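# can you look at this prediction? I've put the sequence above it.
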Amino acid sequence: MKRANMAPFQIAAHIAALIPLTLLIWDFWQGNLGPDIIREATLRTGKAALILLVASLACSPINIIFKFKPALKLRRPLGLYSFFYASIHFAIFIGVDYFFDFALIKDALLEKRYALAGLTAGIILLTLALTSTIGWQRRLKKNWKRLHKLVYIAAILAAVHFIWLVKQGVVEPWIWAFFIILLLLLRYKPIKQFVLSLNR
């Protein structure tokens with residue numbers, strides 16, 4: 001997408017997507033990440049990935065409900081930003097937290113269910129990011145849409161990862177899970193048709 005063709009809201013979306021990274025770098029530089037820097041950085045990048053993933057899923061419903069077609073142009077970039085933050089999240093986990101000790105990483109994946117859920121979501125996002133280009137759309141044809149419906153599985157797994165990671169009683173991950181389920185329901189044909197009938 002050429003910068004000259006970007007609408008102001010698209011530029012604003014790109015800037016907003018980079019704010020979490022900018023704040024993370026700034027707070028690290030200023031020493032504002034608290035006593036457990038690794039955990040704070042891991043939580044921030046993971047949350048940014050989840051938020052941007054949900055935002056990318058919301059683009060189609062926004063078009064359906066508000067008939068705002070330009071929102072559709074943000075689905076791919078927001079999804080790629082989500083993958084970007086998920087990649088940083090994973091890099092911190094294996095490179096900083098576990099120092100590339102794959103024996104310990106294997107044990108963590110087997111013993112910690114939240115790690116396994118997060119890894120599975122990350123693999124799905126990697127697959128979708130690699131096949132997000134026009135070239136892959138042409139190669140896969142109808143199968144491309146089928147493949148990219150896995151984004152909802154990735155989103156659900158990301159929410160489950162968040163739920164299992166935090167302490168019991170924390171409400172925030174359940175709120176994100178609710179939004180993901182709501183966005184998934186809006187893809188269900190009867191519900192989608194009902195919403196469309198309200199806009200006629």
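Sure, I can see it.

# so where is the protein shaky, pLDDT-wise?
Scanning the chain for pLDDT under 70 picks out 1-5, 198-200.

# quick check, central residue of it?
Centrality entry for the chain: nearest residue to the mean C-alpha point is Leu53, 2.7 Å, by CA atoms, centre = their mean.

# that residue against Ile153, yeah?
No: look at Leu53 against Ile153 with CB atoms under 8 Å: they stay out of range, at 11.5 Å. Placement of C-beta: from N, CA and C, glycine included.

# from Ile19, how far off is Asp101?
Per CB to CB, to the nearest Å, Asp101 is found 33 Å from Ile19.

# Three-state assignment for Gly169, please.
coil (DSSP: H, G, I helix; E, B strand; the rest coil).

# for it, grab phi and psi.
phi 100, psi -10 (degrees, to the nearest 10).

# which helix runs longest in the chain?
Using DSSP state H to define each element, the chain has its longest helix at helix 37-66.

# what residues sit buried inside that one?
Within helix 37-66, the residues scored as buried using 16 or more other CB atoms under 10 Å are 40-62, 64.

# packing partners for that helix?
When contacts are defined as 3 or more CB pairs under 8 Å, 6 or more residues apart in numbering; DSSP states H and E, helix 37-66 sits against helix 8-30, helix 75-91, helix 151-165, helix 172-185, helix 189-198.
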